[in-house]
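J.: A structural model of the following input is requested.
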Amino acid sequence: MFQDIHRLSDRQYKATIGVSKKDFQQLVVVFSECEQKIKNQRYEEYEDFYDRKPSTGGCPIFKTPSERLFLVLFYLKTYPSFDVLGFTFGCGRNAAHENVYKCLPILESTLADLDVLPKRQFDSVEEFIEFTKTYKDILADATERTHHRKKEQEEQKKYYNGKKKAHTIKNTVISTTSQIILFLGYTVLGATHDFSLFKKEFTPHLDWFSELRVWIDLGYLGFAKNYEVKNLQIPIKKPYKTNKNPDPQLTPEQKTYNKEVSKTRVKVENAIGGIKRYGILVQKFRNKSEQLRDKAIFLAAGIWNFSKGFSFS
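T.: Model (predicted):
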């Protein structure tokens with residue numbers, strides 16, 4: 001398969017690994033550097049511990065950095081089983097599994113060096129204000145993914161979201177109006193309410209958003225009571241049906257306002273859609289690794305920012 005990599009069209013690159021041919025070539029350069037750094041560090045640790053140089057090992061199945069990067073991106077994009085992945089690349093399932101998990105931290109290091117990974121948490125309000133000082137608008141939403149059902153009854157209950165009628169996991173996403181992902185919360189169980197999750201990540205009644213215009217949906221009702229906001233843009237909720245108001249309706253002005261809010265707020269959903277080009281975030285998550293279920297969306301967000309030509313530095 002690797003003999004044909006360079007013959008693939010730009011469309012085929014995007015279909016198989018989620019990035020253009022040009023972006024892949026740029027990633028390979030940094031990926032190769034990061035791989036060498038990690039390898040040198042491991043050699044040094046080995047020498048210090050065993051007081052001898054490590055053996056060279058056998059002939060690797062994936063011989064070049066471009067092959068190893070293509071493998072891990074292909075896995076994230078298409079999310080096959082390791083049996084299918086091994087068959088596709090002409091190796092066994094164990095070799096496919098080992099190489100994917102070996103390359104994932106190198107990919108993370110690559111995206112970190114490119115400074116495209118979103119923030120995961122802020123230790124203080126001052127840190128958040130400094131981080132967002134160049135932006136006037138931020139858009140917040142939550143994204144949910146399906147998760148395999150746990151065998152243990154008590155464990156599977158923790159993952160079950162009655163509203164979605166499925167076992168799910170969830171993350172908070174904050175983006176800019178240009179669809180750059182600034183913040184990605186840690187992965188939690190899907191039954192957690194969007195706003196409850198947000199309040200755990202951004203402690204209420206602190207001065208987080210006083211200088212920002214914040215765009216949110218009706219899942220964040222009560223935002224203004226918990227946070228001081230310079231300008232809050234949230235849709236107007238349709239009134240409840242009552243005996244005095246049997247046919248509640250929004251006024252034409254309210255409908256126009258809601259439409260204008262939606263036009264801007266949809267950009268965070270577009271950013272989430274950009275992350276979900278990767279099949280590992282769309283198909284039911286099957287891996288047993290709790291670390292991977294969080295790393296997968298983190299890496300996908302970094303690749304999305306990179307594909308948009310953005311860097312935090």
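J.: nearest spatial neighbour of Gln233, skipping sequence neighbours?
T.: Excluding the flanking residues, the one nearest Gln233 by C-beta to C-beta, 6 or more residues apart in numbering is Trp215, at 4.6 Å. The C-beta positions use only the backbone N, C-alpha and C, and glycine is treated the same way.
J.: so where's the chain shaky on pLDDT?
T.: 1-4, 46-48, 51, 54-59 (pLDDT under 70).
J.: any idea what the residue of it most remote from its centre is structurally, helix, strand or coil?
T.: In the chain, the greatest distance from the average C-alpha position (C-alpha atoms, centre = their mean) is reached by Lys244, at 46.3 Å. Assigned with DSSP: H, G, I helix; E, B strand; the rest coil, Lys244 falls in the coil class.
J.: Next, it: phi, psi?
T.: phi -80, psi -20 (degrees, to the nearest 10).
J.: one step back: so what's the residue nearest to Gln233 up against?
T.: 137-140, 233-234, 261, 264-265, 268 (C-beta atoms under 8 Å, 6 or more residues apart in numbering).
J.: can you do 6 Å?
T.: Residues near Trp215 by C-beta atoms under 6 Å, 6 or more residues apart in numbering: 139, 233, 264-265.
J.: Drop anything exposed from those.
T.: Among the contacts of Trp215, those buried by neighbour count (16 or more other C-beta atoms under 10 Å) are 139, 233, 265.
J.: So the first one sits against Val173, correct?
T.: To tie it back to what came earlier, the one meant is Leu139. No - if you go by C-beta atoms under 6 Å, Leu139 and Val173 don't touch, sitting 8.5 Å apart.
J.: got the contact list for the residue farthest from the centre of the chain?
T.: Contacts of Lys244 by C-beta under 6 Å, 6+ apart: none found.
J.: quick one, strands of the stretch 51-200 of the chain?
T.: All strands of the stretch 51-200 of the chain, identified by DSSP state E, counting those that start in this stretch, fall at 137-146, 160-161, 166-175, 181-184, 188-189.
J.: could you dump those strands to JSON lines with distance to Tyr220?
T.: Shown next, in JSON lines, are the strands of the stretch 51-200 of the chain (distance: least, C-beta to C-beta, whole Å):
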{"stretch": "strand 137-146", "distance to Tyr220": "7"}
{"stretch": "strand 160-161", "distance to Tyr220": "18"}
{"stretch": "strand 166-175", "distance to Tyr220": "10"}
{"stretch": "strand 181-184", "distance to Tyr220": "15"}
{"stretch": "strand 188-189", "distance to Tyr220": "16"}
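J.: With respect to Ala300, which of these lies nearest?
T.: Ala300 sits nearest to strand 181-184 of all those, at 9.4 Å, using C-beta to C-beta.
J.: So what touches that closest one?
T.: 118-119, 171, 173-175, 271, 301, 305.
J.: pull the CA atoms of that strand into CSV?
T.: The C-alpha trace of strand 181-184 is given here as CSV (Å, rounded to 0.1, in the frame of the first residue of the first chain):
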residue,chain,number,x,y,z
ILE,A,181,-10.9,25.5,18.6
LEU,A,182,-9.5,27.3,21.6
PHE,A,183,-10.6,25.0,24.4
LEU,A,184,-11.5,21.3,24.6
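J.: What is the distance between that strand and the centre of its chain?
T.: Distance of strand 181-184 from the chain centroid (C-alpha atoms, centre = their mean, to the nearest Å) equals 8 Å.
J.: Could you give me the buried positions within that strand?
T.: Buried-residue list, strand 181-184, by 16+ other C-beta under 10 Å: 181-184.
J.: Stretch 225-232 too?
T.: For stretch 225-232, burial by neighbour count (16+ other C-beta under 10 Å) applies to 226-227, 229, 232.
J.: hang on, the earlier thing: tell me the most packed of the contacts of strand 181-184, by neighbour count.
T.: Highest neighbour count within the contacts of strand 181-184: Ser175, with 30 neighbours (other C-beta atoms under 10 Å).
J.: Isn't that residue up against Val268?
T.: Yes - with contacts counted by C-beta under 6 Å, Ser175 reaches Val268, the gap being 4.5 Å.
J.: joint contacts of the two?
T.: In contact with both Ser175 and Val268: Leu139, using C-beta under 6 Å, 6+ apart.
J.: Report the separation between the residue nearest to Gln233 and Ile272.
T.: Distance, Trp215 to Ile272, using C-beta to C-beta, to the nearest Å: 14 Å.
J.: Next: Phe198.
T.: Phe198 is 15 Å from Ile272, by C-beta to C-beta.
J.: What of Leu221?
T.: In terms of C-beta to C-beta, Leu221 sits 20 Å off from Ile272.
J.: just Cys34 next, same as before
T.: 27 Å.
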